[in-house]
Every structure is written in C-alpha cells, then in structure tokens.
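> Give me the fold of what follows.
(2 chains)
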Amino acid sequence: DTAVSQTPKYLVTQMGNDKSIKCEQNLGHDTMYWYKQDSKKFLKIMFSYNNKELIINETVPNRFSPKSPDKAHLNLHINSLELGDSAVYFCASSQTGTTGKETQYFGPGTRLLVL
Amino acid sequence: AQSVTQLGSHVSVSEGALVLLRCNYSSSVPPYLFWYVQYPNQGLQLLLKYTSAATLVKGINGFEAEFKKSETSFHLTKPSAHMSDAAEYFCAVSDAARNAGNMLTFGGGTRLMVKP
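Numbers count the residues shown, from 1 in each chain, chains lettered A, B, ... in the order given. Alright, predicted model coming up:
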C-alpha cells in the first residue's frame, strides 16, 4: 500500500562508481520529483518530471540523469560518484498542476554513502 | 526568487507545553505555504498547507498555522506537546514552475525536542 516507494533504502558505494535509485508511485500522479537532503538536513529540488517530460532541472551536475519510463516511475542514475554526493535522496509525486497548491507526497528516502 | 527562513534550528519544549515553530517567507507573488514533518529515518509527511483560503489552517496531529501577510509569517503551533511530536519540521513555499507541477523551496528545518 506504499504510496511512494524507493529502492534501495541504503546504498554504500565507492567513489567513481555508477549507481541508480528507483522510485515508484501508485497514487496516479502525473508529476514526480527528486530532492536531495544534505547532512545538515537542507532539502533542495533536483528534478521534476511531468508525464515523462523533464520540467525542472535545478543546476544539478550532468553526472545525474533522471529517467522516467512511465508516469508512475522516476529513476535517478548517478555516474562517477563523488564524496559530495553522499546524502539522502527523496522522491516525491503530486497531481499535475500549475497553481502551486498541489501537495507533494514523499518516499522514505535513499541514504547514499560514497566512500 | 522565493525563500523560506525558519528561526531556530533546534527547539526544546516540555511535554504538555506550547509548541511554536517559526517560519518567515519571501515571495513576489501570493505564496502557497506548507509544513512538513520528518520523523527519524523517514520521508516527509504533510502537516498542513495554506492555499489562500482561510488564514488559520488546521492540520494533522493537533497542529495549526496562521498565515500573516503583514508579517510574512506562517508559524506552526500546537497547544500541548507530546513526546511523539519530536521530529524535524520543514516549512516550504511553492513556486508553480513552468508548465506543470510545482517546485518546493524549503527552509532549513527545525528539530523539535520534547522533554518528559
């Protein structure tokens, strides 16, 4: 019954590796997001997709590449991982809208540690 | 650009005491404002949101917030703290971006600690 799910929950890897995080939502939403939460708990949006189309790309290094195979899925692939990529990555989803009132529903997060 | 400032990165209250978490926003347009709660090792859960209807917004778990345009504030309150309220609280402002969806800009968060 999980509304927004992410896998894996924890990810420990070496610098230079490539890794992917998967996100799925069963809420019937059209828009999905990736946020990064750093060690000081600061949350910042990375990407937003609407109907599989990239809408927001907030000055994220091009080592990060989101992919949306369908409306219910938004994956995040990270190439050449760096120490600074260590963070918690949250996926979220919302109804399509242009008003800004839509509630975003968050997944449980993926804790990435780069050694 | 919109921004949110949460005064006090840590707030400590006794069980049963009033909870007040402060949030001030900066926005060039009428804002939509959100409060989210994050329990340890979990995702964010919506507590309440202001979408230009009533200025006093009631949320889950006994929380409420009042939108004050003159003070550019959206402070979160709860009359009586419970131990289970201990968590990280985030205020956010939304920016209806481009053609669809909306981008949330978060404050730095406030960790609420509840003493027995």
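> can you pull out the helices in chain B?
Ranges of helices in chain B, per DSSP state H: none exist.
> Which helix or strand in chain B has the lowest average pLDDT?
strand B:102-106 (a mean of 85; mean pLDDT, DSSP states H and E).
> Indicate whether it makes contact with chain A.
Yes. Strand B:102-106 is in contact with chain A by CB under 8 Å from any CB of the partner chain, via B:102, B:103, B:104, B:105, B:106. C-beta here means a position set from N, CA and C on the backbone, and glycine is covered the same way.
> Equivalent analysis for stretch B:3-18, please.
No. Stretch B:3-18 lies apart from chain A when judged by CB under 8 Å from any CB; the minimum separation is 8.6 Å.
> got a list of what the closest residue to residue A:96 other than its chain neighbours touches?
Closest residue to residue A:96 apart from its sequence neighbours, by CB to CB, 6 or more residues apart in numbering or on different chains: residue A:30 at 3.9 Å. Going by CB atoms under 8 Å, 6 or more residues apart in numbering or on different chains, residue A:30 touches A:50, A:51, A:71, A:95, A:96, B:100.
> Is it correct that the third one is in contact with residue A:52?
Going back to what we said before, that points to residue A:71. Yes. With contacts counted by CB atoms under 8 Å, residue A:71 reaches residue A:52, the gap being 6.4 Å.
> neighbour-wise, which of the two wins?
Shown here are residue A:71 and residue A:52; by other CB atoms under 10 Å in any protein chain shown, residue A:71 has more neighbours (18 against 14).
> Is the most centrally placed residue in chain A bridged to anything, and to what?
Nearest to the mean C-alpha position of chain A, counting by CA atoms, centre = their mean, stands residue A:34 at 2.8 Å. Assessed by DSSP bridges, residue A:34 has beta-bridge partners residue A:47, residue A:91.
> next one: residue B:88
residue B:38, residue B:111.
> Show the pLDDT at it.
Here the pLDDT value assigned to residue B:88 is 96.
> if I look at it, how far off is residue B:78?
From residue B:88 across to residue B:78, the span is 15 Å (CB to CB, to the nearest Å).
> hmm, back to that, can you pick the most crowded of the residues of strand B:102-106 next to chain A?
Top of the residues of strand B:102-106 next to chain A by neighbour count (other CB under 10 Å): residue B:102, with 28 neighbours.
> isn't it right up against residue A:94?
Yes. Counting by CB under 8 Å, residue B:102 touches residue A:94, with 7.0 Å between them.
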